[in-house]
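Peer 1: using only what follows, build the 3D model:
(one chain, ligands or ions: 1)
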Amino acid sequence: MDRIETRTLQDLDAAHHLHPFNDNAALAKKGTRILTRGEGVYVWDAEGHKLLDAFAGLWCVNLGYGRTELGQVAARQMTELAYYNSFFQCTTEPAIRLAAKLAELAPGDLNHVFFTNSGSEANDTILRLVRHFWAVQDQPRKNIFIGRHDGYHGTTMGGASLGGMKGMHKQGGLPIPDIHHIDPPYWFGDGGELDLEEYGLVAARRLEDKILELGPERVAAFIGEPIMGAIGVYIPPRSYWPEIECICRKYDVLLVADEVICGFGRTGEWFGSQTFDFRPDVMAIAKGITSGYIPLGAAMFNDRVAGVLKQQGGELAHGCTYSGHPVCTAVALENLRLLQDEGIVERARTEIAPYLAERWQALGEHRLVGEARIAGLMGALELVPDRTKRSYFEDRGKVGALCRDIALRHGLILRATNDAMLLSPPLVITRAQVDELFEKAWVALNETAEALGK
Ligand code: PXG
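Peer 2: Numbering: from 1, shown residues only. Here you go, the predicted structure:
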């Protein structure tokens with residue numbers, strides 16, 4: 001491609017490209033940042049700035065940038081067989097091998113895979129197939145999904161309805177029928193005087209109350225992210241998920257783990273359900289499955305659910321043109337091979353996570369930080385006006401955005417949700433790079449505080 005001036009590209013972008021989750025008018029005025037290259041934990045923009053990406057793209061580049069092996073595998077597969085479908089009694093070898101590999105990696109008897117292109121489609125798939133699972137067992141009224149307020153499960157009609165983001169529900173007439181929400185486990189905002197573990201039980205029992213209110217014969221499934229990502233890395237107390245599992249079993253409600261962010265090493269284990277000690281019947285995966293090198297998602301089902309779908313489901317009237325795409329599944333296989341063979345997930349848990357936690361807790365001592373929370377390689381700093389109590393700034397979101405912009409000027413990419421600064425670096429980050437991250441974040445916190453006159 002011929003090189004075009006950054007300014008010209010920005011003008012073209014403003015004229016023709018609608019950006020997700022942006023005020024497009026404001027963005028057009030400001031001009032987008034154009035990223036051009038990545039290596040390890042760093043990306044470079046068109047102006048030559050080198051940035052430490054402490055957010056792994058969008059929670060996804062677990063393997064780090066610039067691994068040529070993935071490109072080579074993609075090129076080989078495209079040359080050999082660029083595409084074939086999984087519809088007409090056909091499939092391709094990478095799709096078969098990836099399904100088997102996922103069954104091996106996934107906990108328990110989550111042995112069955114339905115491929116999609118994204119996490120949103122994985123959740124839509126789950127919504128449809130779980131309802132079908134109950135319907136073919138003569139329980140068509142057992143079709144309600146319970147999710148959580150402020151949960152994030154994607155942007156499709158189903159995904160955004162399962163999620164509990166109010167701003168999203170306002171656009172497009174959501175949620176669709178028969179989806180309900182309970183409050184999330186968010187001790188910082190909601191814990192009151194309860195200690196963490198007590199609060200975890202209280203938060204979990206909201207599910208039981210909701211099931212009893214709706215009637216267990218109406219409730220098909222509960223869906224949750226093991227750690228709630230997009231809303232601000234809400235790490236549940238250890239007591240939360242085991243109690244949720246007990247409640248689901250008691251009322252025969254399927255337990256769905258949305259592992260789109262937590263999967264593939266983010267929480268230190270391969271899956272968040274292993275970190276938080278619960279056994280999902282169904283799980284959604286995407287992002288880290290290919291480390292973001294190519295789009296791919298999947299829904300995974302345990303033997304019970306898949307058994308019914310296979311034996312009694314008849315023809316599954318569901319699927320995407322690219323379900324099980326040979327190039328995407330081949331790249332995923334290579335990504336998983338590297339994560340496993342190079343011990344990247346293992347090293348992230350045993351070496352990096354403890355060090356990152358130590359340094360993150362030290363950031364928690366900053367005068368602007370009310371809470372530093374972290375699990376595995378996923379964390380948040382809650383910025384507050386008064387760190388002697390759990391407090392919030394009046395105009396929520398402004399301080400977070402300010403801190404994010406300052407960090408960026410110092411070469412550090414952190415994400416801000418409301419006034420929480422979010423952390424999710426590539427799993428390959430080294431101790432020296434953790435130190436660099438820490439130093440840059442500290443400077444960003446200082447300058448943010450100064451800008452606020454603190
Ligand atoms: N589930 C979870 C838990 C997610 O985090 C999805 C499903 C949807 O996946 P796709 O591949 O359809 O995007 C996600 C995606 C943010 C942000 O602002 C997070 C996501 C997507 C966009 C923005 O943190 N997560």
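Peer 1: which residues of the stretch 51-200 of the chain lie near the ligand?
Peer 2: Within the stretch 51-200 of the chain, the positions lying close to the ligand (CB under 6 Å from any ligand atom) are 58, 118-120, 123, 152-154. All C-beta spots, glycine's among them, are computed from the backbone N, C-alpha and C.
Peer 1: mind checking which of those are in strands?
Peer 2: Within these, no residue falls in strands by DSSP state E.
Peer 1: for the residues you listed, give me CSV that also has neighbour count and pLDDT.
Peer 2: Converted to CSV, these look like this (neighbours: other CB atoms under 10 Å; pLDDT from 0 to 100):
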residue, neighbour count, pLDDT
L58, 15, 98
S118, 20, 98
G119, 31, 98
S120, 24, 98
N123, 32, 98
Y152, 26, 98
H153, 31, 98
G154, 24, 98
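Peer 1: biggest separation within these, which pair?
Peer 2: Spatially, the most separated pair among those is L58 and N123, at 16.3 Å (CB to CB).
Peer 1: tell me the buried residues in the helix or strand containing R206?
Peer 2: R206 is part of helix 196-214, with elements assigned from DSSP states H and E. Across helix 196-214, burial judged by 16 or more other CB atoms under 10 Å covers 199-200, 202-204, 206-208, 210-211.
Peer 1: what does stretch 61-78 give?
Peer 2: Neighbour-count burial for stretch 61-78, with 16+ other CB under 10 Å as criterion, is recorded at 61-65, 67, 70, 73-74, 77.
Peer 1: mind checking pLDDT for R3?
Peer 2: At R3, the model reports a pLDDT of 72.
Peer 1: and it, how close does it get to A203?
Peer 2: Note on R3: its distance to A203, by CB to CB, to the nearest Å, is 53 Å.
Peer 1: V219: what's it in contact with?
Peer 2: Contacts of V219 were listed using CB atoms under 8 Å, 6 or more residues apart in numbering, and they are 142, 144, 146, 210-211, 251, 253.
Peer 1: and the residue of this structure closest to the ligand?
Peer 2: The ligand sits closest to G119 of the chain, with a gap of 2.4 Å, by CB to the nearest ligand atom.
Peer 1: and the residue nearest the centre of the chain, what does it touch?
Peer 2: Nearest to the geometric centre of the chain sits I261, at 2.4 Å (CA atoms, centre = their mean). In this structure, I261 makes contact with 59, 225, 227, 229-230, 287-288, 378, 424, judged by CB under 8 Å, 6+ apart.
Peer 1: what's the farthest-apart pair in those?
Peer 2: A230 and G288 (15.2 Å).
Peer 1: and P237, which of the three is it?
Peer 2: With DSSP: H, G, I helix; E, B strand; the rest coil as the basis, P237 sits in coil.
Peer 1: surely it meets A204?
Peer 2: No. In this structure P237 lies outside contact range of A204 using CB atoms under 8 Å: 9.1 Å.
Peer 1: among the contacts of V219, which are located in helices?
Peer 2: 210-211 (DSSP state H).
Peer 1: would you reformat the contacts of V219 as a markdown table and include pLDDT?
Peer 2: Formatted as a markdown table, the contacts of V219 follow (pLDDT from 0 to 100):
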| residue | pLDDT |
| --- | --- |
| K142 | 98 |
| I144 | 98 |
| I146 | 99 |
| K210 | 98 |
| I211 | 99 |
| Y251 | 98 |
| V253 | 99 |
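Peer 1: list buried residues within the contacts of V219.
Peer 2: Judged by 16+ other CB under 10 Å, buried ones among these: 142, 144, 146, 210-211, 253.
Peer 1: now for the residues you listed: which two are most distant?
Peer 2: The span of the buried ones among the contacts of V219, defined through CB to CB, is set by K142 and K210 at 14.5 Å.
Peer 1: leaving out sequence neighbours, find the closest residue to S391.
Peer 2: V384 (4.8 Å; CB to CB, 6 or more residues apart in numbering).
Peer 1: got phi/psi on the one you found?
Peer 2: V384 adopts backbone torsions of phi -140, psi 160, taken as degrees, to the nearest 10.
Peer 1: which neighbours do P237 and A204 have in common?
Peer 2: Counting by CB under 8 Å, 6+ apart, the residues touching both P237 and A204 are P185.
Peer 1: what's the spacing between G158 and G147?
Peer 2: For G158, the distance to G147 - CB to CB - is 11 Å.
Peer 1: number of nearby residues for the residue nearest to G292 when sequence neighbours are not counted?
Peer 2: Spatial nearest neighbour of G292, chain neighbours left out: C60 (3.6 Å); criterion: CB to CB, 6+ apart. If you count neighbours by other CB atoms under 10 Å, C60 ends up with 23.
Peer 1: go on, E351?
Peer 2: By other CB under 10 Å, the residues close to E351 number 13.
Peer 1: from A441, how far out is it?
Peer 2: Counting by CB to CB - E351 and A441 are separated by 20 Å.
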